[in-house]
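In: need the 3D shape of this:
(2 chains)
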Amino acid sequence: MTGTHALLEVKNLHVTLTGDRRRRTVLHRVDLAIPAGAALGLVGESGSGKSLTARTVLGLLPQGARVEGEVRFDGRSLTAMAPAALRGIRSHEIAMVFQDPRAHINPVRTIGDFLTEGLVTTRGVRRAVAEARAAALLGEVGIADGARRLRQRPSELSGGLLQRVMIAAALLTEPRLLLADEPTTALDVTTQAEVMAIIDETRLQRGLAMLFITHDLALAAAVCDRIAVMYAGSVVEELPSGHLSDAEHPYTRALMASRPDLGGPGKKLTAIKGRPLSAFETGPGCAFAPRCPDARDTCTTQHPALLPAGSGQAACHFPHHPRAAAGAAERSTSDA
Amino acid sequence: MIWRFIARRTAMLVVTGLVASIAVYSALFVAPGDPATLLIGGGKPPNPHLLAEIHRQYHLDDPFLQGYWRWLSGMLHGDAGQSLSYRDSVTHLVTGRIGNTLFLIAYAAVLIIVPGVVLGTVAALRGGLGETVVTAVTTAFMAVPTFVMSVLLIWWLSVQWRWFPAYGAGSGFAGRVEHLTLPALALAAAWTAYVAQVTRSAVRTELVSEHVQTARARGIPERVVVRKHILRNASGPIFSVAGVAVAGLIAGCAVVEQAFGINGIGALLIQSAAKQDLAVVQALALITVVVFVAINTLVDVVTVALDHRVSLEGTS
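Out: Next comes the predicted model:
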């Protein structure tokens, strides 16, 4: 409808949570844009704020959360939306696939209840019709005997099957955007590949946009058009997935270097030195500075802004690019 | 699978009943004192011939196994023997009083389950001050023993305010409701508080669970989330504790019936125990145990029907 906007736009998102009477910043600054039908991979270590970003989009934050900045879906602001309208978005426009299907699917009700519930309660589809659609969709995600599975309970299905059920439940409402929060992390390796292939295929067939959250840079690059890298509650680099090898931010480069190499035995794994910081632990400077091999004085005192760099954007005072060194001074911003 | 579970639990119920019957019979067999002296009464030393005649008539000198078998087969045929102190058949004594007791238990059960579940659910869903108040009040109620609650209620609602009669069981439905309100309240108070707390914590657990988050993420209306996900999943523990509470009422009845002068099974148990009336005490003890175990079995079966994961753990 609004051609100039991306389907999902996250601008300057800052989120704080209250816990134990203390306010903690969990997202410092997140900027994302996903055009209709495109896939964005959101990559980062545990605790970097990837899942929280997805939850913020759907308004699924715990009580006492304060959200600043903008989340727009198809031009409409989700952060300012009334609860009823937001429920409409959840049931019709944006679907989420969670990491652990065994915890995220009601264990005492049947697969059929889970799959059809959305259609029956939010669209008034008759139960029998909804079940027929669900069974057909189960076939599409690689579960052949759908009609029988509808009568079963989650405890009777394997993790891989259950994750397919979750994907089918997400697709059943025909959304325009899929939020996939580490959908394959809880599965074993062979199942991971199958489930990933199903997500990729069904997404492309339907022209669905996707926010794919993972800690696996290579996997994200394989299924997404663009990659956004998060560190300590901020997006530090955003670039097309084909250009990962030209990444400018030292953190992205370190992630690339720490991938295990299947080339041969005897090569040592490279790890990033130090431990990942949580968003609330960061100081005034660059959050990655304590672990950065190229850190200089400016890095510990001034917060780098996300600015165009190479084929994407990077938040670094000294991006790894021959031309950038000269312009480093004007890249720094004083607001932390 | 569920039928095998039910069969197994029923077999366990029968075994428990048998073990209980042996325990009940032998406990009173070894009790001190001669029940035959009751029949004679008075301060004079009893006539040995008369005592021997009574012993013969009531089979008081039979060997243990023979006596046990006579007693058990009689119980199974609905003949619980003769009461020495009431000079009446135990079956007649019990059937004449069981109506009052059942009415009291049913009344108390309603007072336990309805307010308990409602209070606990509202406290958990609303949170905040309401939850704190409900938790504090229910904790206080849980600490008050039934006999203290009985005295407090009589003093307050019967003596001070004259709202309810303090004595007797009444007749007819309305009369019974009027007479049994205070006893049922006294019997229910602590258990209501207990059910409210278990409900609150079960609902709280489900409220923050991941599958409820999924339901919300899918835009399911909140009332459906509460009914089909939160309450549905919390119903297992709520039903279990409610079942234990109702089973516990059977024992709790004795205190309340005695305190409020209700002519029921519980009062009969206390009075006949004081009079060393063997046949009555044995019969009532066995009935109490069997009903208690039967209710617990029923609760287990329903719990499994509510949550199939329990059955999987139970049969493996």
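In: what residues does chain A put near chain B?
Out: Within chain A, the positions near chain B by Cβ under 8 Å from any Cβ of the partner chain are A:58, A:60, A:87-92, A:95-96, A:98, A:100, A:103-109, A:113, A:117-118, A:121-122, A:153, A:155, A:169, A:173. Just so you know, the C-beta spots here come from the backbone N, C-alpha and C atoms, and that holds for glycine as well.
In: Produce a ChimeraX select command limited to the buried residues of these.
Out: Entered in ChimeraX, the line below selects the buried ones among the residues of chain A next to chain B, by 16 or more other Cβ atoms under 10 Å in any protein chain shown:
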select /A:58,60,87,89,90,91,92,95,96,98,100,104,105,106,108,109,113,117,118,121,122,153,169,173
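In: find the closest residue to chain A in chain B.
Out: residue B:219 (2.9 Å; Cβ to the nearest Cβ).
In: who are the contact partners of that residue?
Out: Listed by Cβ atoms under 8 Å, 6 or more residues apart in numbering or on different chains, the contact set of residue B:219 reads A:87-92, A:118, A:122.
In: tell me which element the closest residue to it other than its chain neighbours is part of?
Out: Spatially, and ignoring its direct neighbours in sequence, residue B:219 is nearest to residue A:91 (2.9 Å; Cβ to Cβ, 6 or more residues apart in numbering or on different chains). For residue A:91, the host element (DSSP states H and E) is helix A:83-92.
In: show me chain B divided up by domain.
Out: B:2-90, B:91-315 (automatic domain parsing).
In: pLDDT score assigned to the residue of chain B closest to chain A?
Out: In this model, residue B:219 is scored at 92, pLDDT.
In: list the buried residues for the host helix or strand of residue B:5?
Out: Assigned by DSSP H and E, residue B:5 belongs to helix B:2-29. Applying a neighbour-count criterion of 16+ other Cβ under 10 Å, one finds B:5, B:9, B:13, B:16, B:20-21, B:24-25, B:28 buried in helix B:2-29.
In: tabulate those (a markdown table), appending distance to residue A:259 and pLDDT.
Out: Below are the buried residues of helix B:2-29 laid out as a markdown table (distance: Cβ to Cβ, whole Å; pLDDT from 0 to 100):
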| residue | distance to residue A:259 | pLDDT |
| --- | --- | --- |
| B:5 | 51 | 85 |
| B:9 | 56 | 88 |
| B:13 | 62 | 91 |
| B:16 | 62 | 91 |
| B:20 | 67 | 91 |
| B:21 | 72 | 90 |
| B:24 | 73 | 87 |
| B:25 | 76 | 85 |
| B:28 | 79 | 69 |
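In: pull the contacting residues for the residue nearest the centre of chain B.
Out: In chain B, the residue lying closest to the centroid (Cα atoms, centre = their mean) is residue B:250, at 2.3 Å. Taking Cβ under 8 Å, 6+ apart, we find residue B:250 in contact with B:105, B:288, B:291-292, B:295.
In: which of these are buried?
Out: Listed as buried from the contacts of residue B:250 are B:105, B:288, B:292, B:295; burial here means 16+ other Cβ under 10 Å.
In: contacting chain A as well, which ones from those?
Out: Of the buried ones among the contacts of residue B:250, not one also sits near chain A (Cβ under 8 Å from any Cβ).
In: relative to the whole chain's centre, how far out is stretch A:90-108?
Out: Distance of stretch A:90-108 from the chain centroid (Cα atoms, centre = their mean, to the nearest Å) equals 15 Å.
In: how far does it stretch from start to finish?
Out: 23 Å (Cα to Cα, to the nearest Å).
In: ok, stretch A:184-194 next?
Out: End-to-end distance (Cα to Cα), stretch A:184-194: 9 Å.
In: in it, what counts as buried?
Out: A:184, A:186-187, A:191-192, A:194.
In: neighbouring contacts of the strand or helix carrying residue B:272?
Out: Take DSSP H and E as the rule and residue B:272 turns out to sit in helix B:265-274. Under the contact criterion Cβ under 8 Å, 6+ apart, helix B:265-274 has outside partners B:83, B:85-86, B:93-94, B:97-98, B:101, B:252-258, B:261, B:280-281, B:284-285, B:287-288.
In: what stretches of chain B score poorly on pLDDT?
Out: Scanning chain B for pLDDT under 70 picks out B:1, B:28-29, B:32-33, B:35, B:37-44, B:310-316.
In: residue A:41 in helix, strand or coil?
Out: When classified by DSSP: H, G, I helix; E, B strand; the rest coil, residue A:41 comes out as strand.
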